[in-house]
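*Asks:* no sequence on hand, only this structure:
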Ligand SMILES: CC(=O)SCCNC(=O)CCNC(=O)[C@H](O)C(C)(C)COP(=O)(O)OP(=O)(O)OC[C@H]1O[C@@H](n2cnc3c(N)ncnc32)[C@H](O)[C@@H]1OP(=O)(O)O
Ligand SMILES: O=C([O-])CC(=O)C(=O)O
C-alpha cells in the first residue's frame with residue numbers, strides 16, 4: 001500500500017466552497033460578495049460592509065437604519081460582565097479578556113443553542129455591537145481608567161475610538177481606522193475562520209465557534225502578527241538599523257512578523273490601501289520616523305527574502321499612531337473579523353458536513369502490553 005499524500009498545514013487543499021469572499025493571488029484581488037475590498041473601503045461604512053457580509057447584498061437605507069438601531073442598542077456591556085472582566089488579572093492579555101467576554105456573553109444568552117440563521121444573525125449583531133466595548137475596557141484598564149459608556153449618536157468606528165481614547169479623534173483617524181476594519185473583516189478560509197467552521201461543523205454553538213476563532217487569531221503567525229510588528233519596530237529603534245537588525249534576525253532563523261502569506265505570494269491585496277491610511281495617520285500624528293522604519297525594513301526584507309508585507313505590517317504602526325496600546329491591536333482585528341467569522345458560521349450550517357480530516361499514523365507498530 002503506497003503512503004498517502006500529506007498536505008501539511010492543508011496548504012493548497014480546497015475543503016469547501018464559499019460565497020462570502022474570494023482571495024485571488026494571481027490578480028492580487030480580494031472581493032467580499034463580489035465587491036473589491038478597496039472599493040468597499042473607499043465608498044462604504046464598516047456597518048454597510050458588515051451587512052454585506054451577513055446578507056450578501058449592500059443594505060438599502062432602511063435596512064441600514066434597522067441594523068444600526070439594533071447594533072447601537074446593544075453596545076453597552078452588562079454590569080456583571082464588566083465586573084467579571086475587571087476581576088481578571090491585570091496581566092491578562094486583552095485577547096484573553098476578549099475570549100472570556102465572548103464565552104460569558106454566550107453563557108448568558110438563552111438562545112445560545114439555537115442554530116437557526118435568524119438566531120445566529122442576532123448573536124452576530126450582538127457580538128459586533130459589544131466587542132468594541134470590551135476592547136475599550138481593556139485599554140482603559142491598562143491606564144487605570146474606568147470604562148466609558150458607549151454613545152449612540154456616533155457611528156461604529158467613531159464610537160469605538162471614543163470609548164477607547166476618551167474623545168472622537170480627527171476625521172482622518174476615524175477614516176483610517178474604518179478602512180482597517182473593512183480590510184480586516186474577511187479573508188476566506190484563513191486559520192481563525194476555518195477554526196470557527198470546524199467548531200460549527202460539530203453543531204456546537206456560535207459563541208463556542210467564535211471563542212475558538214479568537215484563540216486561533218491570537219497566534220503570531222496569524223492576527224497576533226500586528227502586535228509583533230510593533231515589537232519589531234521598537235527593537236529596530238531607527239531606520240538606519242533595519243538592515244543590520246534583519247540580517248541578524250534571519251541568521252537566528254527568526255520569522256519576521258508582518259511578512260509573507262500562505263496565499264498571496266506576490267503581495268497582499270490589502271496592503272496598498274492600508275499603507276495609504278498609515279501615511280495619512282503618520283502625517284497627522286508626526287509619524288515620519290516610524291514610516292522610515294517601515295520602509296527600511298520592507299526594502300531590506302524584499303532584498304533578503306523576496307517577501308512582501310501582509311496587512312498586519314501597516315495596520316500595527318497605524319494603530320500605534322492612532323493611540324492604541326500594542327496588546328489591543330489583535331482584539332481590534334477580532335472586532336472587525338467577527339463579521340466574516342459569523343457569515344462563515346451561517347454558511348457552514350446551511351450546508352454542513354462534519355470537518356474531520358485523516359492522518360497518516362507514524363507511531364509505534366501495534367504491540368502487546370508486557371509487564372515483568
Ligand atoms: C492577517 C494575517 O494573518 S496575515 C499573516 C500574518 N503572519 C505573519 O506575518 C507571520 C510571519 N509570516 C509567516 O510566518 C509566514 O509567511 C506565514 C505563516 C504567514 C505563511 O507561511 P507559509 O505559507 O507556510 O509559508 P512558508 O512558511 O512555507 O514560507 C516559505 C519560506 O519563506 C520563509 N518565510 C515565510 N515568511 C517568513 C517570514 N515572515 N520571515 C522569515 N521567513 C519567512 C519560510 O521560512 C520558508 O522558508 P524555507 O523554504 O527556507 O523554509
Ligand atoms: O488569509 C490568511 O491566511 C490570513 C489573512 O490574511 C487573514 O486572515 O486576513
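*Replies:* Sure thing, it's come through. What you see is a predicted model; the values in this text were computed from it and never measured. Ligands and ions are numbered 1, 2, ... in the order given.

*Asks:* which secondary structure state is assigned to the residue nearest to the spatial centre of the chain?
*Replies:* Of all residues in the chain, the one closest to the mean position by Cα atoms, centre = their mean is residue 333, 3.0 Å from it. Of the three states, residue 333 takes helix according to DSSP: H, G, I helix; E, B strand; the rest coil.

*Asks:* distance of the spatially closest residue to it that is not a sequence neighbour from residue 63?
*Replies:* Once flanking residues are discounted, residue 333 sits nearest to residue 223: 4.4 Å by Cβ to Cβ, 6 or more residues apart in numbering. Just so you know, the C-beta spots here come from the backbone N, C-alpha and C atoms, and that holds for glycine as well. In this structure, residue 223 lies at 30 Å from residue 63, with Cβ to Cβ, to the nearest Å as the measure.

*Asks:* more neighbours: which of these two?
*Replies:* residue 223 (29 against 14; other Cβ atoms under 10 Å).

*Asks:* wait, isn't that one in contact with residue 193?
*Replies:* No: if you go by Cβ atoms under 8 Å, residue 223 and residue 193 don't touch, sitting 11.1 Å apart.

*Asks:* between those two, which contacts overlap?
*Replies:* Taking Cβ atoms under 8 Å, 6 or more residues apart in numbering as the contact rule, the neighbours common to residue 223 and residue 193 are residue 337.

*Asks:* got the contact list for the residue nearest to the centre of the chain?
*Replies:* 184, 217, 223, 226, 315.

*Asks:* who wins on neighbours among the residues you listed?
*Replies:* Neighbour max across the contacts of residue 333 (other Cβ under 10 Å) = residue 315, 31 neighbours.

*Asks:* what pLDDT does residue 159 get?
*Replies:* Residue 159 carries a pLDDT value of 98.

*Asks:* returning to that earlier point: out of the contacts of residue 333, which comes closest to ligand 1?
*Replies:* Of all the contacts of residue 333, ligand 1 sits closest to residue 223, with 5.6 Å by Cβ to the nearest ligand atom.

*Asks:* contacts for the stretch of helix or strand residue 82 belongs to, please.
*Replies:* Using DSSP states H and E, residue 82 maps to helix 79-87. Residues outside helix 79-87 that contact it (Cβ under 8 Å, 6+ apart) are 77, 97, 100-101, 104-105, 108, 134, 137-138, 141, 147.

*Asks:* tell me the helix or strand right after it.
*Replies:* helix 94-107.

*Asks:* which non-adjacent residue is nearest whatever residue of the stretch 1-150 of the chain ends up closest to ligand 1?
*Replies:* Residue nearest to ligand 1 within the stretch 1-150 of the chain: residue 9 (5.8 Å; Cβ to the nearest ligand atom). Nearest residue to residue 9, sequence neighbours excluded (Cβ to Cβ, 6+ apart): residue 262, at 7.7 Å.

*Asks:* burial count for the one you found?
*Replies:* 17.

*Asks:* thought it was touching residue 12?
*Replies:* No: taking Cβ under 8 Å as the definition, residue 262 is not a contact partner of residue 12, at 9.2 Å.

*Asks:* do a quick rundown of the strands in the chain.
*Replies:* Applying DSSP state E to the chain gives strands spanning 21-24, 29-32, 35-36.

*Asks:* quick check: neighbours of the second one in the sheet, parallel or antiparallel?
*Replies:* The reference is to strand 29-32. strand 21-24 (antiparallel), strand 35-36 (antiparallel) (DSSP bridges).

*Asks:* domain ranges for this structure, per the record?
*Replies:* Here the domain parsing of the chain from the TED database is 33-218+327-351, 224-321.

*Asks:* roughly how far is the last one from the heart of the chain?
*Replies:* On the basis of Cα atoms, centre = their mean, to the nearest Å, domain 224-321 is displaced by 18 Å from the centre of the chain it belongs to.

*Asks:* repeat that for stretch 53-62.
*Replies:* 21 Å.

*Asks:* likewise for stretch 86-105?
*Replies:* With Cα atoms, centre = their mean, you get 17 Å for stretch 86-105.

*Asks:* show me what counts as buried in that stretch.
*Replies:* Within stretch 86-105, the residues scored as buried using 16 or more other Cβ atoms under 10 Å are 92-102, 104-105.

*Asks:* let's test this: mean pLDDT of that stretch, rounded?
*Replies:* Rounded mean pLDDT across stretch 86-105 is 97.

*Asks:* close to ligand 1, is that stretch?
*Replies:* No: judged by Cβ under 6 Å from any ligand atom, stretch 86-105 makes no contact with ligand 1; its nearest approach is 13.8 Å.

*Asks:* how about stretch 232-243?
*Replies:* No: against ligand 1, stretch 232-243 shows no contacts by Cβ under 6 Å from any ligand atom, the least distance being 10.2 Å.

*Asks:* for stretch 9-24, give the mean pLDDT please.
*Replies:* On average, stretch 9-24 scores 97.

*Asks:* just the terminal-to-terminal distance for it.
*Replies:* 19 Å (Cα to Cα, to the nearest Å).

*Asks:* give me the contacts around that stretch.
*Replies:* With Cβ under 8 Å, 6+ apart as the criterion, stretch 9-24 contacts 7, 29-33, 53, 56, 186-189, 194, 197, 262-264, 269, 340, 343-344, 347-348, 355, 357.

*Asks:* in it, what's buried?
*Replies:* For stretch 9-24, by 16+ other Cβ under 10 Å, it's 18, 20-21, 23.

*Asks:* quick check: closest non-adjacent residue to residue 335.
*Replies:* residue 131 (4.2 Å).

*Asks:* hang on, the one you found packs against residue 97?
*Replies:* No: contact criterion Cβ under 8 Å: residue 131 and residue 97 do not qualify, at 11.0 Å.

*Asks:* name the residues contacting each of these two.
*Replies:* residue 331.
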